[in-house]
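here you go, sequence then predicted model.
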Amino acid sequence: MSLPLRFRSVCFFCLLSSAGLSALLSGCNSRSDKPGGQTATTPPGATKSEPSLTDSPGTWYRQYRGVLPGSTDSITVHLQRLSDAPGETTLGRLVGFYTASDGHPYELAGDTPADTDSLNLRDISAEVTDKNYVSLLWRLREQGATLVGTRNGRPVQLRLVQPPHGIQLVARSFASKVLARPDHPQDTIMGHVSLHALVPVSGVARKALTANILRGLRGDTLDTQLAPTLDALWKEQLSSFTSDYQQEAGLMLTELENDTSSYRPFATLRYEDQTSTYVLWNEGDLLSIGYFGYYYGGGAHGNYGTTVCSYDTRTGRSLRSADIFRPGTEAQLEKLLGRYARLTLGLKPTQPLSDALFENTLPATSNVYLTSGGAVFVYAPYEVASYAQGEIRVFVPLSALQPLLKPGLPLGGRAEVVRK
């Protein structure tokens, strides 16, 4: 069970021609604090065959390797720095995960205080968080290519993996502030819209993989539609948010100014629309991506959720639920989920699931991604439990899933077992 607190800082997870890829990259690298900020053009020197592409300022995806205190098993830490949230200028947001040899990913979230080389992280996976939602703290600082510091007060050192294993990815960030009433430039009430994307820059199937990641970012459930460009996705998101926000919040702001007899906090008119792309797994021939979306349109709280998808980086092919599991395995998956969900939910083996969920069963969701050691099933707030419980993520190990998997999945040496 993922904690809602992490979303305060990480606030909404066909072939492409060379010309299409160049167009995709033409809008990459944009941040603007001015209302209606637009994207930048292709960096100087970029070509259609090999576009020049670097991280947007303040953003990156990195891999680190080290050993946890008190353990002999080395871990790989996959870490992303997202640009500052719209309206925030003091913290850089961090998201990521770490994993040992068993392929179980443990989630991380945190921040980088302004003008420092420090990284503050916390474990947010339910398996390493106690019943009072107290999590382990990582306090690190950059020392050349190494992160040094403590985890839960004990020394830890993480070495940068360069080049990273798996697919190399470049982080691109876009953001804009939008006036509720464009004809009132003196207004301080604004909405915030942002997009954080990851673009592959390595791999034999880079173009196909890029196209499918962009489809995932758009929310496509099939790979048959023409892939969008990143520039077009951002423009569409900005245009849609601007139109809806100004029609709704602009009108309400005018009404509030004209009628002071009723009270409504002006803060509820500061709408937000945030979309982010997260690395959930990146090893060998397997890449798993999360598309996180957060939207606040007034009221007590916003809504969020993560759509996930795995990719075979040998071909760029998307691996959705129907591509992963054999037909007719739903009942077996539900039984396995009931067993392993108890670990996530903090329930005893004989305790009913209804003590934590709406029902006494946990259906197999199609929102699932692979790691080299198993599969993670992701449930949105309200889907199977209350909003207060946040997103629920259940890891089922490969040892339990093997009879249910389709052959040929990109799971490294473990895939040979699946083929038998």
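Ah, there it is.

domain parsing for the chain?
If you go by automatic domain parsing, the domain ranges for the chain are 14-58+166-420, 60-160.

would a markdown table of those domains with mean neighbour count and mean pLDDT be doable?
Where C-beta positions appear, they are placed from N, C-alpha and C, glycine not excepted. Listed next are the domains of the chain as a markdown table, based on neighbours: other Cβ atoms under 10 Å; pLDDT from 0 to 100:
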| stretch | mean neighbour count | mean pLDDT |
| --- | --- | --- |
| domain 14-58+166-420 | 18 | 85 |
| domain 60-160 | 17 | 87 |
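
any idea how far the residue nearest to the spatial centre of the chain lies from Y291?
Central residue of the chain (Cα atoms, centre = their mean): Y278, 3.1 Å from the mean position. Remark: distance between Y278 and Y291 (Cβ to Cβ, to the nearest Å) = 8 Å.

over to T350?
Going from T350 to Y291 by Cβ to Cβ gives 37 Å.

quick one, what contacts the residue nearest to the centre of the chain?
The neighbours of Y278, taking Cβ atoms under 8 Å, 6 or more residues apart in numbering as the test, are 13, 80, 95, 289-292, 306.

turn those into TSV, including secondary structure and distance to A300.
Supplementary listing: the contacts of Y278 in TSV, determined by DSSP: H, G, I helix; E, B strand; the rest coil; distance: Cβ to Cβ, whole Å:
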residue	secondary structure	distance to A300
F13	coil	22
Q80	strand	29
V95	strand	25
I289	strand	30
G290	strand	25
Y291	strand	25
F292	strand	20
T306	strand	21
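
quick one, strands of the stretch 151-300 of the chain?
Using DSSP state E, counting those that start in this stretch, the strands of the stretch 151-300 of the chain run over 154-160, 169-179, 190-200, 272-283, 286-296.

can you redo these as TSV with distance to F395?
Listed next are the strands of the stretch 151-300 of the chain as TSV, based on distance: least, Cβ to Cβ, whole Å:
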stretch	distance to F395
strand 154-160	23
strand 169-179	23
strand 190-200	22
strand 272-283	11
strand 286-296	12
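
which among the ones you listed is found nearest to A227?
Proximity to A227 (Cβ to Cβ) singles out strand 190-200 among the strands of the stretch 151-300 of the chain, at 12.2 Å.

which helices and strands does the closest one pack with?
Under the contact definition 3 or more Cβ pairs under 8 Å, 6 or more residues apart in numbering; DSSP states H and E, strand 190-200 sits against strand 169-179, helix 206-218, helix 230-258, strand 272-283.

now the last one against strand 169-179, angle please.
By that I understand strand 272-283. 170 degrees (axes from the mean of the first three to the mean of the last three Cα atoms, to 10 degrees).

okay, strand 272-283 in PDB with CA atoms only?
What follows is strand 272-283 as a C-alpha-only set of coordinates in PDB (Å, rounded to 0.1, in the frame of the first residue of the first chain):
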ATOM      1  CA  GLU A 272      -3.500  21.500 -11.000                       C
ATOM      2  CA  ASP A 273      -2.900  19.100 -13.800                       C
ATOM      3  CA  GLN A 274       0.300  17.100 -13.500                       C
ATOM      4  CA  THR A 275       1.500  14.100 -15.600                       C
ATOM      5  CA  SER A 276       4.700  12.300 -14.900                       C
ATOM      6  CA  THR A 277       6.600   9.300 -16.300                       C
ATOM      7  CA  TYR A 278       8.400   7.000 -13.800                       C
ATOM      8  CA  VAL A 279      10.800   4.100 -14.300                       C
ATOM      9  CA  LEU A 280       9.400   1.100 -12.400                       C
ATOM     10  CA  TRP A 281      12.000  -1.400 -13.800                       C
ATOM     11  CA  ASN A 282      14.900  -1.200 -16.200                       C
ATOM     12  CA  GLU A 283      17.100  -4.200 -16.500                       C
END
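
residue furthest from the geometric center of the chain?
Distance to the chain centre peaks in the chain at S261, reaching 42.8 Å (criterion: Cα atoms, centre = their mean).

and that residue, how far from E255?
In terms of Cβ to Cβ, S261 sits 11 Å off from E255.

repeat that for V376.
To E255, V376 is 45 Å away according to Cβ to Cβ.

equivalent analysis for D130, please.
D130 is 47 Å from E255, where distance means Cβ to Cβ.

repeat that for L214.
Per Cβ to Cβ, L214 is found 40 Å from E255.

check G203 too.
53 Å.

same deal with Q225?
40 Å.

and if you look at E272?
Here the criterion is Cβ to Cβ. By it, E272 lies 21 Å from E255.

and if you look at T224?
Taken as Cβ to Cβ, the span from T224 to E255 is 45 Å.

quick check: phi and psi on L353?
When read as degrees, to the nearest 10, the backbone of L353 gives phi -60, psi -30.

just give the closest residue to it, not the sequence neighbours.
What sits nearest to L353 in space, not counting adjacent residues and going by Cβ to Cβ, 6 or more residues apart in numbering, is N360, at 5.1 Å.

tell me the secondary structure for the one you found?
Under DSSP: H, G, I helix; E, B strand; the rest coil, N360 falls in the coil class.

for it, what are its contacts?
Counting by Cβ under 8 Å, 6+ apart, N360 has contacts 352-354.
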